[in-house]
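1. Quick one, fold the following:
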Amino acid sequence: MTVDDDFLPLEPTGRLERTELRGDLPGALRYAAILVVIGLPLGALWALLAPVVHTVALPGAGTGSPSGEADHAFDAVAIHVLLVASFGVIAGAVAWRRRHRRGPVLLVAAAVGSLVGAVLAGRVGGLLAWAASPVPVLVDPRALGTAGAPGAPVPAVLTSLPPSPGPWWIALVAGLGAALTYVLSAIVDGHEDMGRDDPL
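-> This next block holds a predicted model:
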């Protein structure tokens with residue numbers, strides 16, 4: 001009795017062997033380490049771009065903020081979100097370009113590396129953020145965000161608070177951006193082996 005070749009079970013294609021996954025590990029760890037180190041200049045860039053928040057100290061322990069200054073706190077966090085999101089998307093795209101290492105190991109390395117790099121960027125940016133020195137000024141109490149009585153300008157001290165990058169979990173945007181970029185690239189590619197080339 002013969003069996004038609006069309007009914008013979010075929011070997012699964014597009015699946016990575018355990019040895020291939022182990023071979024991807026050193027390169028993936030190096031890539032994750034590079035992403036973590038990139039968090040240092042990323043934090044310095046945020047500290048350079050983030051605006052400070054000016055406040056005015058009035059006589060008698062009163063304080064206030066000039067018009068529009070309260071929005072700068074939001075601006076600093078928004079800049080941080082945009083920077084880490086861009087960092088994650090670029091990290092995922094660069095990882096996908098490594099054709100001979102495409103697979104789950106590099107995906108995890110890109111996501112975790114960009115996440116840790118974004119956390120480091122927030123810490124470094126918070127340390128490098130600066131505030132201007134206090135400056136004596138004359139202010140009109142009506143121009144501040146306090147219930148000042150109308151009258152002549154009064155002496156005050158203009159100070160600034162260093163910007164804040166926001167809570168640590170903003171770094172999740174970077175890891176999510178890297179993972180989504182990598183997964184969407186794999187979906188668009190459409191190959192079971194993700195178009196993986198043989199190692200050089």
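2. Return the distance of the longest helix belonging to the chain from the chain's centre.
-> Longest helix in the chain, counting residues (DSSP state H): helix 18-49. Put simply, helix 18-49 sits 13 Å off its chain's centre (CA atoms, centre = their mean, to the nearest Å).
3. For that helix, buried residues please.
-> Neighbour-count burial for helix 18-49 flags 23-24, 27-28, 31-32, 35-36, 38-40, 42-43, 45-47 (criterion: 16 or more other CB atoms under 10 Å). Backbone N, C-alpha and C define where each C-beta goes, glycine included.
4. Same question for stretch 96-110.
-> By 16+ other CB under 10 Å, the buried positions in stretch 96-110 come out as 96, 98, 101-103, 105-107, 109-110.
5. now swap in stretch 89-97 and tell me
-> Residues 89-92, 94-96 are the ones in stretch 89-97 that count as buried (16+ other CB under 10 Å).
6. Residues in contact with it: which ones?
-> 31, 35, 102, 106-107, 109-111, 113-114, 117, 174, 177-182, 185-186 (CB atoms under 8 Å, 6 or more residues apart in numbering).
7. mind redoing it with 6 Å?
-> 35, 106, 110, 114, 177-178, 181-182, 185 (CB atoms under 6 Å, 6 or more residues apart in numbering).
8. With just CA atoms, put stretch 38-56 into PDB.
-> Extracted in PDB, the C-alpha atoms of stretch 38-56 (Å, rounded to 0.1, in the frame of the first residue of the first chain):
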ATOM      1  CA  ILE A  38      21.400  56.400  24.500                       C
ATOM      2  CA  GLY A  39      19.100  57.400  27.400                       C
ATOM      3  CA  LEU A  40      22.000  59.600  28.800                       C
ATOM      4  CA  PRO A  41      22.100  62.100  25.800                       C
ATOM      5  CA  LEU A  42      18.300  61.800  25.500                       C
ATOM      6  CA  GLY A  43      17.900  63.100  29.000                       C
ATOM      7  CA  ALA A  44      20.400  65.900  28.400                       C
ATOM      8  CA  LEU A  45      18.400  66.900  25.300                       C
ATOM      9  CA  TRP A  46      15.200  67.000  27.300                       C
ATOM     10  CA  ALA A  47      16.800  69.200  30.000                       C
ATOM     11  CA  LEU A  48      17.900  71.600  27.200                       C
ATOM     12  CA  LEU A  49      14.400  71.800  25.600                       C
ATOM     13  CA  ALA A  50      12.200  71.800  28.600                       C
ATOM     14  CA  PRO A  51      11.000  75.200  29.800                       C
ATOM     15  CA  VAL A  52      11.300  76.400  33.400                       C
ATOM     16  CA  VAL A  53       8.300  77.600  35.400                       C
ATOM     17  CA  HIS A  54       8.700  81.200  36.700                       C
ATOM     18  CA  THR A  55       7.300  82.200  40.000                       C
ATOM     19  CA  VAL A  56       7.200  85.500  41.800                       C
END
